[in-house]
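no sequence on hand, only this structure:
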């Protein structure tokens, strides 16, 4: 296994250069059958069936073999976006077919396969299956459609997303971690919180082994005031994959910390390599819900930034090597906390690995292809009322802010539209591409003026 660092944004990135895939956008399988967490994700994010559309413009860049790729979506994409990707941007696009989540569950439970989308998979030339996660349903689909298998092993996908297993490995390798206690019951959670309070922690966080986008995470804003209530309310499904973790909350004012950042290093793992191909800053809400990403993080261009990047890359290689050894293959990310102290000192802590295509994967892949040495910013924008996709694209064209390959060096690239049952757009994911990081942020503000956006973030 080789380790390659392409985070300098000038090195080309080869993903699956000789392989194609049938990619099942099984985002509702993200928690491997943990229905309680899946319902929390539905309530937090909304419009989940149309999130698979984010994969359309980037799938052929990741699986770049000689055949066509096939994308199994839960909901049909917006036709105006497909025209924009293919005609304006001249991107290679995968074939796609609609496979609703209830039918995937029915197949997993009973083996029923008389669905048109499964027949399409059987007939398609791509050989292997991939998805947001490799679970029992994906493995069964590979067997039922006569394909050789999946890109990642089922154990590699499940273990690779387990924060508790990663934490134990980081400790075994001597990497720094925030003070952490393991808990298998509300009583143990309370005992862990009291232990952290004795170490002068004011706040803490309770983490389920599996989580995403802030799901499976409870912040205890004040151990003294809220600890008893939070401990008593931790749901049983937090312990489904093993004990949850209770960690001290790092914040400005503690141990000389002045600022805290949330960088994330994007990974690609094939059978021989772990490649670090981008570094981003996660945009998080006060409750640590993921709201977007930016690359490069502005503070890494400041004095001392190169030293910080080298430490992030060093720890990402340790985490990525562990992930490779678990049997995971594909795109992933390593998320960090980076604490800045007086005098230029800093500490970096790995928070988790996301062994899947994440909210930073698709903008990173697209940006490295469209504007390799530039900067990018991705945010969700929700609209004042459901709107036709063609109208949204038209507004960006009229303002001159729509990114057009070979015509503009900066602009807004609409990656995906989240639609209601009538096909109207309720919100979307918008990628701002520019030569400099400040310009990408300006573009996002201009896009909010161009489009009928709600004032708050989504």
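Cool, the structure landed. Computed from a prediction, not measured in an experiment: that's the story for all the values here.

pull the helix or strand with minimum mean pLDDT from the chain.
helix 35-45 (a mean of 82; mean pLDDT, DSSP states H and E).

pull the residues that contact stretch 254-261.
200-202, 250-252, 281, 297, 299, 336-342, 345 (Cβ atoms under 8 Å, 6 or more residues apart in numbering). Any C-beta I mention is one placed from the backbone N, CA and C, and that applies to glycine too.

average pLDDT for that stretch?
Confidence over stretch 254-261 (mean pLDDT, whole number) is 92.

picking up where we left off before, out of the contacts of stretch 254-261, which are buried?
Buried residues within the contacts of stretch 254-261, counting neighbours by 16 or more other Cβ atoms under 10 Å: 201, 202, 250, 281, 297, 299, 336, 337, 338, 339, 340.

just checking, which of the contacts of stretch 254-261 belong to strands?
281, 336, 337, 338, 339, 340, 341 (DSSP state E).

quickly name whichever of these is closest to residue 160.
Within the ones in strands among the contacts of stretch 254-261, distances to residue 160 taken as Cβ to Cβ reach their minimum at residue 336, with 16.9 Å.

just to check, that closest one is in contact with residue 263?
Yes. At 4.9 Å, residue 336 counts as touching residue 263 under the criterion of Cβ atoms under 8 Å.

common neighbours of those two, please.
By Cβ under 8 Å, 6+ apart, the residues touching both residue 336 and residue 263 are residue 312.

which neighbouring elements make contact with the helix or strand hosting residue 118?
Following DSSP states H and E, one finds residue 118 within helix 116-123. Helix 116-123 sits against strand 70-73, strand 95-98, helix 136-144, with contacts defined as 3 or more Cβ pairs under 8 Å, 6 or more residues apart in numbering; DSSP states H and E.

and the average pLDDT for the second one is what?
Mean pLDDT, taken over the full extent of strand 95-98, equals 97.

that one - contacts with which helices or strands?
strand 70-73, helix 116-123.

neighbouring strands - and their directions - for the shortest one?
For strand 70-73, the paired strands and their directions (DSSP bridges) are strand 21-24 (parallel), strand 95-98 (parallel).

take those strands and write them to CSV, including distance to residue 221 and mean neighbour count.
Formatted as CSV, those follow (distance: least, Cβ to Cβ, whole Å; neighbours: other Cβ atoms under 10 Å):
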stretch, distance to residue 221, mean neighbour count
strand 21-24, 38, 28
strand 95-98, 43, 18
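
who wins for proximity to residue 117 among the ones you listed?
Closest among the strands paired with strand 70-73, once you apply Cβ to Cβ, is strand 95-98, at 4.6 Å.

other residues contacting the closest one?
Against strand 95-98 from outside (Cβ under 8 Å, 6+ apart): 56, 68-77, 116-117, 120-121, 124.

quick check: mean pLDDT of the helix or strand following that strand?
Moving toward the C-terminus from strand 95-98, the next helix or strand (DSSP H and E) is helix 101-110. Across helix 101-110, pLDDT averages out at 92.

how far off centre is helix 101-110?
25 Å (Cα atoms, centre = their mean, to the nearest Å).

and it, what's buried?
For helix 101-110, by 16+ other Cβ under 10 Å, it's 101, 103, 104, 107, 108.

CSV for those residues, including distance to residue 396?
What follows is the buried residues of helix 101-110, written out as CSV (distance: Cβ to Cβ, whole Å):
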residue, distance to residue 396
101, 31
103, 35
104, 34
107, 39
108, 40
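
just these now: which is nearest residue 366?
residue 101 (25.6 Å).

chain neighbours aside, what residue packs nearest to that closest one?
residue 28 (4.9 Å; Cβ to Cβ, 6 or more residues apart in numbering).

ok, the one you found - how many residues close by?
For residue 28, the neighbour count with other Cβ atoms under 10 Å is 20.

tell me where the stretch 201-350 of the chain has strands.
Using DSSP state E, counting those that start in this stretch, the strands of the stretch 201-350 of the chain run over 204-212, 215-220, 244-248, 257-261, 263-269, 273-284, 290-295, 330-341, 346-354.

looking at those, which is closest to residue 142?
strand 330-341 (14.7 Å).

and that closest one, what other elements does it pack with?
strand 257-261, strand 263-269, helix 305-326, strand 346-354, helix 361-370.

tell me what angle the helix or strand that the last one is followed by forms with helix 35-45.
It stands for helix 361-370. Per DSSP H and E, the first helix or strand lying C-terminal to helix 361-370 is strand 375-387. Comparing the axes of strand 375-387 and helix 35-45 via axes from the mean of the first three to the mean of the last three Cα atoms, to 10 degrees yields an angle of 90 degrees.
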